[in-house]
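Peer 1: Below: sequence and its predicted model.
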Amino acid sequence: MTTSIDKPYVHEGGIRPYFEQQIQDTEIRIQQTTQNLRRLEAQRNKLNNKVRQLKDELRLLQEPGSYVGEVVKVMGLKKVLVKIHPEGKFIVNVTKDIDVKKLTPSIRVCLKADSHDLYKILPNKVDPLVSLMMVEKVPDSTYDMVGGLDKQIKEIKEVIELPVKHPELFESLGIAQPKGVILYGPPGTGKTLLARAVAHHTECKFIRVSGSELVQKYIGEGSRMVRELFVMAREHAPSIIFMDEIDSIGSSRVEGSSGGDSEVQRTMLELLNQLDGFESSKDIKIIMATNRLDILDPALLRPGRIDRKIEFPAPTVAARTDILKIHSRSMNLTRGINLRKIAEKMNGCSGADVKGFVPKSKVLQLDKLFSEQGPTINVLQAYEEIIRTAKSSSSNTNSLPKLLFKKAIIEINLNKEIQAIADLKWALELDPAMGPAKDKIVQLLMARGEFDTVQRYLTKDNDKDIYHTIDKINQDIKTSKELIEKHEYQQCANILNEIISLSPANYEITELYYNLALNSYKETPDFQLKYLGEMLPVNKVIIQTAKNLIDINPMKSLKYFNVLSQFLLYTEVQFENSNKIIKNCLRIDNEYTLCGKLSKFYVKFQNFFKLLEDYSIIQGHYYTNTENNVKLEDEGLINPVIDYQFVIKFLFMDDLQVSKLDKRKLPSSIKNNYDYLQYQIQKFGEELGFETSSKILFLQDLNRLVCEAYSLTGSSKKAKQFCDSFDDSDNLFLPKHITEIDKYLSKKKYPQAEELLNKFNNNVKQTKLFTDRWTKVEEYHMKLNQQRQQQYFQQQQQQQQQRQRQQQYRGAPPHQQRKKPANDYYKVLDVPRDADEKTIKKGYRTQTLKYHPDKYKGDDLTPEQIEKKMQAINQAYEVLSDPELRERYDRGDDPNDPMGQSHPQWQPQGGGGQPNFNFNFGGGGGGGNQFFQQFFGGQGFKFNGQGNPFGNSHQKVKITKNKKKNRSRKQ
């Protein structure tokens, strides 16, 4: 026997969410634990590093002291002779970690104090002044930059470049390499430039020293510097030592010299000793330069020391032409310019003078460019280039302050005030008496509120007004702070408007204005402030002051990036600008938390925000507050394409666009993205200390968009909740009323639909959403007018028939009896039977105004009943206003009654002797027209294609029958 055990029933929606919740909680705990672990690991590593440093310091403190010595000679594999000053010379052991091969003579080493073991190799001691002599690794000058010195270039290549690049040529010939060369000639002939070019092409370190730098005050200092100079050259080999103004230490020796001259001679002797002490094949070359070769000591110029002399004469016309060509390469020269003629006019000028002429012409060219193009980036870059050139050229230092001033003016126009201030400071350092630069820097510093800095350029006697302005600004700032505390915002704004015009880029004043605007916004969001002479909504003042704070000092204003971005989004619905602000914030500080969070929020909602921004722009065109009507020519405004399905799906159906961790922190009332957006706005207000209102533009446009999306997708019940959330009594919102309008149109209540449609402004009336409904109203009016026209035609026909019957009646014997008319025209016009002509007109006007289709205010009559009522009014007036017709009517003969006494009875031809009416309407198309031309005087009635003004009415049938009878009778 088997028994079946039923499984316990578990509701599907009960246990699954429970375990999902448990999994989420566990994941959150794991994330928190992981974060704590990483934090603790970072703290551990930091503490371990600190412990390691303390151990190293403790070990060093426990070690015995050391001696510094100099290696004299290597005595064996592990033995070295070392000289320790002042103890003497010792043979010491070398520790295992020291390579004996590196222990060359004169190298500095470190010895232990207790055992004198050599355990460390020290760098050579070089005087700081000597180390600063090394200009650059490889100079950037080339032979192409040297003009008019072809012969000198060839000679220096033979002496310097060839031995360095191809030493094997000298070894194969058994010739000793030259140690150096001396360049002599007038100043400015290219000696230094050629030396730099040689160092560039040989890829040697360029060590430049002036002879005057080796002349020292104390005895022996100059000699020591010469020794250390050659030590540094050996360490950086291959190298070139360029000794300019060698005549300052290498002049001829005379007997009986003393004092300073003897020290100079000792320096020269050390130089001679060093020249003799190094081999020419050790990749060290000496280049000396002087313009006084005649006073040099012969010992310095003998073979074996300085082997070659190269003369640099004053440049010839051809040389000056070459120099002009070289330095004018980057200039825009006039077509056909003759540089040789310019060179001929520069007779007696050195190469440096010719080179200096080119920058001057560049300055003139640049000034012309500045006057033509104005302050642009290209002009600024050109000034920067020429300033670099002038800075490196000693002949153009006089023009540098003017160039810096012009560059500062361009930077001011390009909103680069900080760079402009730096350039103006530099210009005043070079020329303290430069008045325009002083005035401009004072103006900039006053504008930025840097009062402490500006006082460096002021004098109390000449700048009393500026000192008074500074005192006034400081006092007004203090007063403004007190007014903000008293909530007297407009009075405070008036004071700030006055002082901000004196110091527009003052960070303190701008921040004070921001706080003023923010406090007033907290109390009254619709408040308006007079900002710089213009009444603005307070939210726009907050936006403008926040922008100014960022422009003045971005690094100091990181928090204002966040505030500015959210105010632009929530109060102006400008997502693109808001997103740019956050990106700029992260460029300055990528780890700033507030901007980082806002950036993630923008990324997840960017598609919807872009749509909402476009929608807000469109609504601004439709429902503008100005009275001017704008013609909407753009198709995107007349018939905008909005993805309403995306709006509804994203806001109410898609998953919440937040991380799981952030979702756990949200209130339980937030179910969808629409709720989350409202939560974000509320949170923004709480951060700044104010309550968000439904009047905030973001919420208004959001609710309008949802209202429109639901209304135009057929969900009128869902739309009502959002449509009722905003008031549009001042300017009706079309999608909010579109359901009511469509309802009127579907029930053919065109007057009610027309009345509602007429309430919208002219901008809305240009949209396709409006015109589609208005077209139906126009079609109704067209149909109504056609009906009126047909009725009018029928009236005219009946009146014509009545006149004919009247004529027939007058000629016939009186055999008919009077009877009461079927229509009481006096009652229709609401006038007595004895009313005069004036009373009848007044009654007709009153009834017309009352029952006119466009002016009838009641709802008890249908449009058809109103039309019949108006027809009766018109018939009554036509009869009563005509004395003859009124007389007939009073006798009981209604002219509008086809069966009246004066109307003929339709009888067959020849029956009973009664008259027979034959109306010849003609055949085909046109006879009817002749008929109406005859009886109606050609009043311009419109006929259809068959010549009948009434369409296919019964009158045409009767007349056609008579016509056929006449034809048969004629036959």
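Peer 2: Structure's in. What do you need? What you see is a predicted model, and the numbers here were worked out from it, not measured in a lab. Residues are numbered from 1 along each chain as shown.

Peer 1: which stretches of the stretch 701-850 of the chain form helices?
Peer 2: Using DSSP state H, counting those that start in this stretch, the helices of the stretch 701-850 of the chain run over 716-723, 734-746, 750-757, 768-811, 825-829, 837-851.

Peer 1: Nearest approach to Arg196 belongs to which of those?
Peer 2: helix 768-811 (76.4 Å; Cβ to Cβ). Heads up, the C-betas are built off the backbone N, CA and C, glycines and all.

Peer 1: If I take the closest one and helix 750-757, what angle do their directions form?
Peer 2: Helix 768-811 and helix 750-757 are oriented at 140 degrees to each other (axes from the mean of the first three to the mean of the last three Cα atoms, to 10 degrees).

Peer 1: and helix 768-811 with helix 734-746, angle?
Peer 2: 30 degrees.

Peer 1: Nearest to Gly449, out of the helices of the stretch 701-850 of the chain?
Peer 2: Gly449 lies closest to helix 716-723 among the helices of the stretch 701-850 of the chain, at 48.3 Å (Cβ to Cβ).

Peer 1: C-alpha coordinates for the closest one, PDB please?
Peer 2: C-alpha atoms of helix 716-723 as PDB (Å, rounded to 0.1, in the frame of the first residue of the first chain):
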ATOM      1  CA  SER A 716      -7.700  60.800 -20.600                       C
ATOM      2  CA  LYS A 717      -8.300  59.400 -17.100                       C
ATOM      3  CA  LYS A 718      -4.600  59.100 -16.300                       C
ATOM      4  CA  ALA A 719      -4.000  62.500 -17.900                       C
ATOM      5  CA  LYS A 720      -6.500  64.200 -15.500                       C
ATOM      6  CA  GLN A 721      -4.300  63.700 -12.500                       C
ATOM      7  CA  PHE A 722      -1.400  65.600 -14.100                       C
ATOM      8  CA  CYS A 723      -3.400  68.100 -16.000                       C
END
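
Peer 1: average pLDDT across that helix?
Peer 2: The pLDDT scores in helix 716-723 average 90.

Peer 1: Show me what it is packed up against.
Peer 2: Contacts defined by 3 or more Cβ pairs under 8 Å, 6 or more residues apart in numbering; DSSP states H and E place helix 716-723 against helix 697-712, helix 734-746.

Peer 1: Can you say which of the ones you listed is packed in most?
Peer 2: Across these, averaging neighbours per residue (mean count of other Cβ atoms under 10 Å) puts helix 697-712 on top, at a mean of 22.

Peer 1: That one packs against which elements?
Peer 2: In terms of contacts (3+ Cβ pairs under 8 Å, 6+ apart), helix 697-712 is packed against helix 558-572, helix 593-622, helix 644-648, helix 673-688, helix 716-723, helix 734-746.

Peer 1: can you give me the offset of stretch 431-443 from its chain's centre?
Peer 2: Taking Cα atoms, centre = their mean, to the nearest Å, one finds the center of stretch 431-443 at 34 Å from the center of the full chain.

Peer 1: Could I get the helices and strands packed on helix 716-723 in CSV, plus columns for distance to Met225 and mean pLDDT?
Peer 2: Formatted as CSV, these follow (distance: least, Cβ to Cβ, whole Å; pLDDT from 0 to 100):
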stretch, distance to Met225, mean pLDDT
helix 697-712, 74, 93
helix 734-746, 90, 92
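
Peer 1: and this protein, what are its domains?
Peer 2: As recorded under automatic domain parsing, the domains making up the chain are 36-122, 128-313, 351-458, 761-904, 911-971.

Peer 1: what helix or strand does the residue lying closest to Arg320 once chain neighbours are set aside sit in?
Peer 2: Leaving out its chain neighbours, the residue that sits closest to Arg320 by Cβ to Cβ, 6 or more residues apart in numbering is Ala343, at 3.8 Å. Using DSSP states H and E, Ala343 sits in helix 339-344.

Peer 1: Can you name the residues in contact with that helix?
Peer 2: Applying Cβ atoms under 8 Å, 6 or more residues apart in numbering, the external contacts of helix 339-344 come out as Val317, Ala318, Arg320, Thr321, Ile323, Leu324, Lys325, Ser328, Val354.
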